[in-house]
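Engineer: I'll drop the sequence and a predicted model, then ask my questions.
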Protein chains: 2
Amino acid sequence: MNKGKLFVVSAPSGCGKGTILLEVLNNNKNLFYSVSATTRTPREGEIDGVNYYFLSKDEFKREIDNGGMLEYAQYCDNFYGTPKKKVFEKLEQGIDVILEIETKGAMQVKGVMPEAVLIFILPPSVLELRRRLNKRGTEEESVIEKRVKEAEDEIRRAFNYDYIIMNDELDKAIEDFEAVLKASKLTKENNKNMIEEVLKNA
Amino acid sequence: MNKGKLFVVSAPSGCGKGTILLEVLNNNKNLFYSVSATTRTPREGEIDGVNYYFLSKDEFKREIDNGGMLEYAQYCDNFYGTPKKKVFEKLEQGIDVILEIETKGAMQVKGVMPEAVLIFILPPSVLELRRRLNKRGTEEESVIEKRVKEAEDEIRRAFNYDYIIMNDELDKAIEDFEAVLKASKLTKENNKNMIEEVLKNA
């Protein structure tokens, strides 16, 4: 049996990544979505093990020291990361795993698992992204500027990804995403056993 | 504008490659199917420029000498090859091109155009392939044995392809094929311009 494939998805906030992933996971029940760990306080309605694994700083640091984190980063005094155990278990069982993480974490994953498939979701333009963030109306101008600046930094790292999906039309973006998932399973590297099997029954 | 992508498809005879390609070309009107050239005599009903470009041996050799063939090979005293001109014209126009050629030719193409995407269509087993060839009932036993032997040689070269599609179920094979076409257009290499464009409108 083949091992599962690891997919890493990143996008600046406001790109519709959440909507795309929800639809893709709904259409592909065999995909395992990896829940991240964090040391930040749960927000109202967030459930441990669903939105995040909520760990104390001590617990998180112990995981790092034990090599239990596939990638991690610190933001605003809090840690965020991907616990290794479940991801590896699923891959060993032949189940494909999806990580939804930011670009620095994605680079860490590619460093230790070069066979991971990195997918970046692009907004039509940074201007459009700014418009979407403004439309939400929940953020102050200075916060929006900071977000736009962060988005630009993330988009620059898209050059290090394997696939680029433009979300200018939701249905097309979902179709593109699913084509990447499917094609990634059809690579020669993934199917050497199959070729040998076909030759065996001659 | 991005250049078109070159797809190369191979399969042993009896794999259903023709049926898959017909359906894929029907669903993707923007794909250009490259017609091969040959020096063999046209069979009844074959049309010059549709089934093949029928050339004399002198014409074919002149094309080779002028560097006009992207790949070529000699079988049973006849030449078969891919005229370069139209393929390159279409690629320059941003149109994707499909070559349906055998494995040795595919290796030649990969050698000169490493960005070409090579797709190999596998039968469920060599045993099944033998059954399909027998079923046709048009060939003698010795001819079938020769075909099976050739098929095995071709399948061994599948290890040099980018994507492997198993045709054990026609609809699935067509879906897989189309996913490879779509995903190949979404690679980072293909979309650097797009990333730069998004960053420009900040």
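Structural biologist: That came in fine, so what should we check first? Numbers count the residues shown, from 1 in each chain, chains lettered A, B, ... in the order given.
Engineer: gap between stretch A:14-26 and the chain center?
Structural biologist: Mean-position distance between stretch A:14-26 and its chain equals 11 Å (Cα atoms, centre = their mean, to the nearest Å).
Engineer: outside of that stretch, which residues touch it?
Structural biologist: Identification of contacts with stretch A:14-26 by Cβ atoms under 8 Å, 6 or more residues apart in numbering or on different chains yields A:9-11, A:31, A:33, A:98, A:100, A:121-123, A:129, A:132-133, A:136, A:147, A:151, A:165, A:167, A:170, A:173-174, A:177-178, A:181. The C-beta positions use only the backbone N, C-alpha and C, and glycine is treated the same way.
Engineer: Just the buried subset of the residues you listed, please.
Structural biologist: Using 16 or more other Cβ atoms under 10 Å in any protein chain shown as the burial test, the contacts of stretch A:14-26 include A:9-11, A:31, A:98, A:100, A:121-123, A:129, A:133, A:147, A:151, A:165, A:167, A:173-174, A:177-178, A:181 as buried.
Engineer: Those residues also near chain B: which ones?
Structural biologist: Counting by Cβ under 8 Å from any Cβ of the partner chain, A:122-123, A:165, A:178 from the buried ones among the contacts of stretch A:14-26 sit close to chain B.
Engineer: what's the farthest-apart pair in the residues you listed?
Structural biologist: A:P123 and A:E178 (19.8 Å; Cβ to Cβ).
Engineer: Hmm, A:F32 is touching A:D96, no?
Structural biologist: Yes. Applying Cβ atoms under 8 Å as the test, A:F32 and A:D96 come out as touching, 6.8 Å apart.
Engineer: Report the set of residues contacting both of the two.
Structural biologist: Taking Cβ under 8 Å, 6+ apart as the contact criterion, the common neighbours of A:F32 and A:D96 are A:4, A:90.
Engineer: now, which of the contacts of stretch A:14-26 lie within strands?
Structural biologist: A:9-10, A:33, A:98, A:100, A:121-122, A:165 (DSSP state E).
Engineer: Pull the most distant pair out of those.
Structural biologist: So, the ones in strands among the contacts of stretch A:14-26 by Cβ to Cβ: farthest apart are A:Y33 and A:L122, at 21.4 Å.
Engineer: Only the C-alpha atoms, please, for stretch A:99-107, written as PDB.
Structural biologist: Provided in PDB are the C-alpha atoms of stretch A:99-107 (Å, rounded to 0.1, in the frame of the first residue of the first chain):
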ATOM      1  CA  LEU A  99      -2.200  21.200   6.800                       C
ATOM      2  CA  GLU A 100      -3.600  24.700   6.800                       C
ATOM      3  CA  ILE A 101      -0.600  26.700   8.000                       C
ATOM      4  CA  GLU A 102       1.200  30.000   7.200                       C
ATOM      5  CA  THR A 103       4.100  30.300   4.800                       C
ATOM      6  CA  LYS A 104       7.000  30.100   7.300                       C
ATOM      7  CA  GLY A 105       5.600  26.900   8.700                       C
ATOM      8  CA  ALA A 106       5.100  25.500   5.200                       C
ATOM      9  CA  MET A 107       8.800  26.200   4.400                       C
END
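Engineer: gap between A:R62 and A:P83?
Structural biologist: Counting by Cβ to Cβ, to the nearest Å, the gap between A:R62 and A:P83 amounts to 12 Å.
Engineer: No further queries at this time; thank you.
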